[in-house]
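> I'll drop the sequence and a predicted model, then ask my questions.
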Amino acid sequence: MKSVNASGLLPEHLLKEVQQYIQGEALYIPTRPSDRRKWGESSGARGFYLLRNGEIRKSFREGLSVDHLSEQYGLSADSIRKIVYSKNPQS
């Protein structure tokens with residue numbers, strides 16, 4: 001999060017309006033909800049985990065045991081069970 005001087009960014013009438021509420025303080029302006037990204041979309045982590053979990057589910061359906069998958073992916077047996085038995089595989 002970078003700091004920007006509002007006097008160089010906002011029109012004068014809007015700056016005066018904001019100054020009626022706050023002056024000389026830091027003000028955080030959040031992004032619009034429609035512009036927000038879900039967790040991991042920017043870094044690619046979301047896609048990585050969706051792909052990995054899909055591979056785990058496929059291997060489990062093909063007969064690999066929870067213990068084998070746990071060892072193969074470096075996850076606990078409980079984590080593997082959560083992945084293979086989850087009702088919503090897209091999350």
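The structure has been received and is ready for your questions.
> Mind listing what's buried along the helix or strand harbouring residue 60?
Taking DSSP states H and E as the definition, residue 60 sits inside helix 45-61. Judged by neighbour count using 16 or more other C-beta atoms under 10 Å, the buried positions of helix 45-61 are 53, 56-57, 59-60. Every C-beta, even on glycine, is put in place using the N, C-alpha and C of the backbone.
> Where does pLDDT dip in the chain?
For the chain, the stretches with pLDDT under 70 are 89-91.
> Helices along that one, start to end?
Assigned by DSSP state H, the chain shows helices spanning 12-19, 45-61, 66-73, 77-85.
> got those helices as TSV, with distance to residue 36 columns?
Putting these into TSV (distance: least, C-beta to C-beta, whole Å) gives the following:
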stretch	distance to residue 36
helix 12-19	23
helix 45-61	14
helix 66-73	30
helix 77-85	26
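> Can you pull the phi/psi pair for the residue nearest to the spatial centre of the chain?
By C-alpha atoms, centre = their mean, the chain has its centre lying nearest to residue 39, at 0.7 Å. With angles defined as degrees, to the nearest 10, residue 39 sits at phi -60, psi 130.
> show me what contacts it?
45-46 (C-beta atoms under 8 Å, 6 or more residues apart in numbering).
> what about it, distance to residue 76?
Distance of residue 39 to residue 76, computed by C-beta to C-beta, to the nearest Å: 21 Å.
> Next: residue 19.
For residue 19 relative to residue 76 (C-beta to C-beta), the value is 54 Å.
> Can you give me the neighbour number for residue 75?
By other C-beta atoms under 10 Å, 17 other residues sit near residue 75.
> Could you pull up the residues touching it?
Residue 75 sits next to 69, 83 when contact means C-beta under 8 Å, 6+ apart.
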